Structure formats: C-alpha cells, structure tokens
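>>> here is my input, please return the structure:
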Amino acid sequence: MNYKEFYKKSIENPEQFWAEQANEIDWYKKPEIILSKDEFDYPLWFKDGELNACYLALDKHVEEGFGEQIALIYDSPVTQTIRKISFNEAKTETAKLAGGLQSLGVEKGDNVIIYMPMIPQAFFAMLACARIGATHSVVYGGFAPNELAIRMDDCKPKVIITASSGIEVDKLIAYKPLVDEAIELANHKPQNVVVFNRKLGAKIPFKKYDIDYDALVYGSEEIDCVPVKSTHPLYVLYTSGTTGKPKGIVRDTGGYAVALKFSMKYVYDVKPDEVYWAASDIGWAVGHSYSVYGPLINRNTSIIFEGKPIKTPDASTFWRIISEHKVQTMFTAPTAIRAIKKEDPNGEFIKKYELSCLRTQFLAGERCDIATLDWYKSHIDVPVIDHWWQTESGWPMISIMIGVEKLPYKPGSSGKAVSGYDIRILDENGEELNPNEEGYVAIKLPLPPGALLTVLNNPERFKAGYLERFPGCYFSGDGGYKDEEGYIFITGRVDDVINVAGHRLSTADMEEVVAAHQSVAECTIVGINDELKGQIPFAMVVLKSGEEMEHFQLEYEVIQLVREKMGAVISLKNVMVVQRLPKTRSGKILRKLLRSIIDKEQFQIPSTIDDVLIIDEIKSAHAEYRHLK
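Okay, the predicted model is just below:
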C-alpha cells in the first residue's frame, strides 16, 4: 500500500475515508451521518450511530470464539505476581461489576471516578463503566487529596472506585485515606466508594459510603452492554499539563473506537492475537488508548505492568517482560529508556534476554533525543519510531504508518502526518510557512475521529484554547517544521522557545546536542532571565551511572559542544549537574517549574509532579552551583 495515496484520500475525502473505516467495527446502529459540526464548526463523527466500547473490547471476541485467548497479562514485579486473564474471565468480572454499579444507582450518563493502581480491577472498572454507558474519569492513583477533590467537583461522580493501596518501588501508599480526605475537601460528595482490598496491609478506614469490591462483584449478575450514541462521552481525562486548573478532556465513543481500530492496524501494524505492551499508567491517555481500548478492540493481548523501568528490581525489567511474554510491539516514553540507559549504559542487562520476538519499539510522550535512539538501536536491532500525539487527540497525529508503508525513519522527526491529520506549519499570522521554516503546529479542521469533543463544563475554554488562535484550525500548542519530503519535526511547546538577544532558539535543538555528550544520560535546557540578552539558556544534566567527571570539565565540554554544533549565538554558559529532573508522572519534564526555581520566582507546584521532594533537591543543587561559580 502507498502512504502518499492513502493519506491523500483521507484529506481530500474524509467522509468517505472514515465511513469505510467505520465498517471495521460493530455497531448496534450503523451511522448514516458520517460527519457533522457542532456550534463551533468543530467536527462530530458518526453522530447517529450506536455502539458500546465494552462490547467491542470483550463480548465480540467471546461471541466469535476467542474467549479462551489471553486478553490481559498482569505483571507486577512490585508484588512478584503474574496473572493471565482470558477474554471470558475479563468479560465475566466486568459484566458483574457493571451489574453491581447499576445496583448502586449508576446509570447511563452518570460519571464515575476510578482512582486505582495498575491492577486488573482498574481495567475491569473502566470497561464496566463503558458497559452501562457511565462516563469514567481515571485519576492517577496516589494524586494528592486536594487534586482529587478538584476533579471530583468538576466531574461530580456518583461513585468512586478505588483500591486499598498502590506500590511505589519501596513503599505502600494507602489510597483509601486519600479518597476519604478528598471527599471531606470536595463540595460534591459521591454516593458510594467501591474499595478493592489488595490485602497488602494498607489501612482501610471504613465509612458508611464504602462498598467492598469483591462483595459487589460476586453478589451481582452479569448484565448486557447498553447501546450509546457515537457522541456519548466514554471518558473524561484530565490533562497532565504543568500549569493552571486541570482540563477535563471529553472523549466520544464511536469516533474513538474507529480511530483506535484504525491505528492498531495502520500505525502500529499489530494483528489480532499478538501481544502488545504500552508501558503506561491508565491515568494517562496512552494507558486509555493503548493499554485498554485499542489492544482489546483489536483482540490483542495487553500487558498490565505494575512497576517502574528501573528499581523493580533493576534496569532489566522491560527486557524480562518482553522476553517472557513474547511482546511483539512495545510503546513507552523516552524518559523510561533514558532511565534504563542511565542505569545500564552498556546494555549488559539486554544481553541476558532473548528479544527476537520484538518487532517494533514506539516512543512518545516527549521528544526523544537522537542519543537515546542511537543507544537503543545499538543494543536492540528493531525499528524505533518516535511518534507524536496529545491527550487531546487520543491517538497518533504524526508517525511512520508502518501498517501502510514502511517509510524510512529520520532521527529527530516524529514521521509524517497520520491519515486524517492535515498538519500545517504556520507563522504568527496564520500563513503557511515554507519547508524547514519553524512555526506553530496546527491541524486544519476537520480533525479525524477520536479527538476530544470538548473540555468538560467549559466549552469556551475549549474554543479559546484550541480553535481561536488560528481560525479553521486546531492549535496544538507545539512548535515545529516540515521538511521537503513531508517529515515533521516537533521542537517542543511554544513556550519552550527562548529569545536570546532577539534570536528565537529552540531548547529542544540544544538538548539534542547536550544529550550527545558521552557522560550525559539525560538533560534539559530552560531559558532564564538575563539583563543584557533578555533570556539565556541554562542546562541541567543527569550523568550516566558510574560516570565521575569534574564539574567544570563537564561544563566546559558541553558549552564547547553546543558552540561547535550551533554557534556562539546560543550563549550557553551554565551547565548544572543534578541527580534527577522534575517530571510529571507521564514523563514530561517540568521546564516552567525549573525556570521559576532558577529565576527565584514564585511558583505553584504542579499537581502532576512525580515527586515533590525533587524541588528541594534542585534548589540545593542550584545553591551549590551558584556558590561554585
């Protein structure tokens, strides 16, 4: 198949293109209205169609004779547990949990918050909500009570489903006390809290609103799937943005199911029966799309991973899971690979495992530096595809569509536009730029199926944030450029472009050079205030494990490397060594927080930060660095 022709068809005749793709899933009522518009001239897909996402993920495969195929493999190095769950078993527990939720008064159109670790019951909870037409909102397990309360007040859940605890490498985190505190803080109070007791010793204070998960499931009958409209909200997912009030991204059901089925085939080139692993928490968009709905709709075996790429127990965990479960396609964040690279720079752990089953490695979440790509490929000889998408899109926007045509991959590029995404690079005035000119990344409307419907309870925020900057387009918030062959290079959030003496410079380009230094495992660059030049770049680097290098020698070598590759105009003069970088739980580096710390400005700690203790570490490292300078 030819990518160019396939893509062209999706752009020139989107209704026909996506009508054909809609035939790839089962509908209770097949849509006749393929494409329509809402009040903002924003696309609605298949709005008169009716379906059910849980049916597509479970029941359909059971009915077609695949009930004994393994649907989920739960691999938890933190509890030393491996459990394989068939489609039959998953359907039975999901259908009973759905019946239990109905007995608690949860109906089509109600909202349910899921606050759970990466365990099978979290997957069943999501699918049980979809089964009865309730809209689920997964909140990352372990979020602080105040942040959970904010989300409760925004989406007003009738029920919360939680577990007794999560596990963070070396400690147990009791969830139930956090939920109880959040309920105390919130204005909206749920009717019930369903608690799955993991029996790991965590405190579970009993409240009158509590319901035991096991008792609810085993005391309930299996119920059938409830048909919903294509535009019915399947879930609300709050973005892992680094600032401001969380945005509840609303996802439809029909367009999303069509897009996921399409992407599993044409973007990831995954066939039914194969083992697919997206190493993401279900609190993030990747977990929703490619741990739960995408693989299960495509009848793949999906891995539920409870652990970290390192320290559970070591940097071999990913390779052990790939080898043991015969993973054919894997998807993770570049930050995970960088963490493994830091702990095992020579790839000694990789040599211990038979990895011939692995066909393709996908990366997304944050731009992957070329040094990390090269490290991976030097140890594992499979295509490594760094692709780009957002919580808002729900599925890839830029990639090599290896299920269409295995085009060559260009390091530093996210690939080419995925079918349905008419990606433009625009200047400040909305005019399209020439090849290799950097500008704003926007997508001409209509977006394809699967993208966000709106922002929960705030359509004006949706309009202002995505549609007003460039009329007729969706604005991604990222900068980038497109080369002569149509390959797209994402240079980062537009607020990560710094202005040095009138020169607009991409921090992503600088990071690429710094990451190439032989002692650097990971790095970031932020623009800090400077009286003379307005802004200057400030580099923070994490050294590879076992590397010992005198600080000023490292700083000198990095500065010279940047000057050599990018020129003196870059004005990089500061390179600070840190033990780790502050990130969101989804792996994004919190650059704005770092800028504020170094510029000694007031800042708000983002709710999505992985570990608040790192703030004091950075402050101490900066104070020591200033003293040395």
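>>> so what's the closest residue to residue 269 other than its chain neighbours up against?
Nearest non-adjacent residue to residue 269, counting by CB to CB, 6 or more residues apart in numbering: residue 403, 3.8 Å away. Backbone N, C-alpha and C define where each C-beta goes, glycine included. Neighbouring residues of residue 403 by CB atoms under 8 Å, 6 or more residues apart in numbering: 265-270.
>>> okay, now the domains of this protein?
When the chain is parsed with automatic domain parsing, its domains come out as 3-307+387-481, 495-628.
>>> what's the most buried one of those?
Ranked by mean neighbour count, these are led by domain 3-307+387-481 with a mean of 20 (mean count of other CB atoms under 10 Å).
>>> remind me what the one helix or strand residue 136 maps to packs against, helices and strands.
Element membership for residue 136 (DSSP states H and E) is strand 135-138. Judged by 3 or more CB pairs under 8 Å, 6 or more residues apart in numbering; DSSP states H and E, the packing partners of strand 135-138 are strand 111-115, helix 120-132, helix 145-155, strand 235-238.
>>> out of the ones you listed, the one nearest residue 340 is which?
Proximity to residue 340 (CB to CB) singles out helix 120-132 among those, at 24.9 Å.
>>> now do the closest one: distance to the chain's middle.
The chain centre lies 19 Å from the centre of helix 120-132; the measure is CA atoms, centre = their mean, to the nearest Å.
>>> and the angle for it with strand 111-115?
Here the directions of helix 120-132 and strand 111-115 differ by 170 degrees (axes from the mean of the first three to the mean of the last three CA atoms, to 10 degrees).
>>> now the helices for the stretch 401-550 of the chain?
459-462, 507-515 (DSSP state H, counting those that start in this stretch).
>>> dump those to CSV, plus mean pLDDT and distance to residue 478.
Shown next, in CSV, are the helices of the stretch 401-550 of the chain (pLDDT from 0 to 100; distance: least, CB to CB, whole Å):
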stretch, mean pLDDT, distance to residue 478
helix 459-462, 93, 18
helix 507-515, 85, 10
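>>> strands along the stretch 1-150 of the chain, start to end?
35-37, 43-45, 50-51, 70-76, 81-86, 111-115, 135-138 (DSSP state E, counting those that start in this stretch).
>>> next one: the stretch 351-500 of the chain
For the stretch 351-500 of the chain, strands defined by DSSP E, counting those that start in this stretch occupy the ranges 360-363, 384-386, 398-399, 416-417, 422-426, 439-444, 454-455, 473-482, 488-493, 497-500.
>>> quick one, which of the helices of the stretch 401-550 of the chain gets closest to residue 361.
In this view, the helices of the stretch 401-550 of the chain are compared for proximity to residue 361 by CB to CB, and helix 507-515 is the closest at 18.1 Å.
>>> off-centre distance for the closest one?
23 Å.
>>> kindly report the same for stretch 546-557.
Offset of stretch 546-557 from its chain centre (CA atoms, centre = their mean): 34 Å.
>>> cool, stretch 462-472 as well?
Counting by CA atoms, centre = their mean, stretch 462-472 is centred 23 Å from the centre of its parent chain.
>>> can you list contacts of it?
40, 42, 247, 392, 426, 430, 440, 442, 444-445, 452, 454-455, 473-475.
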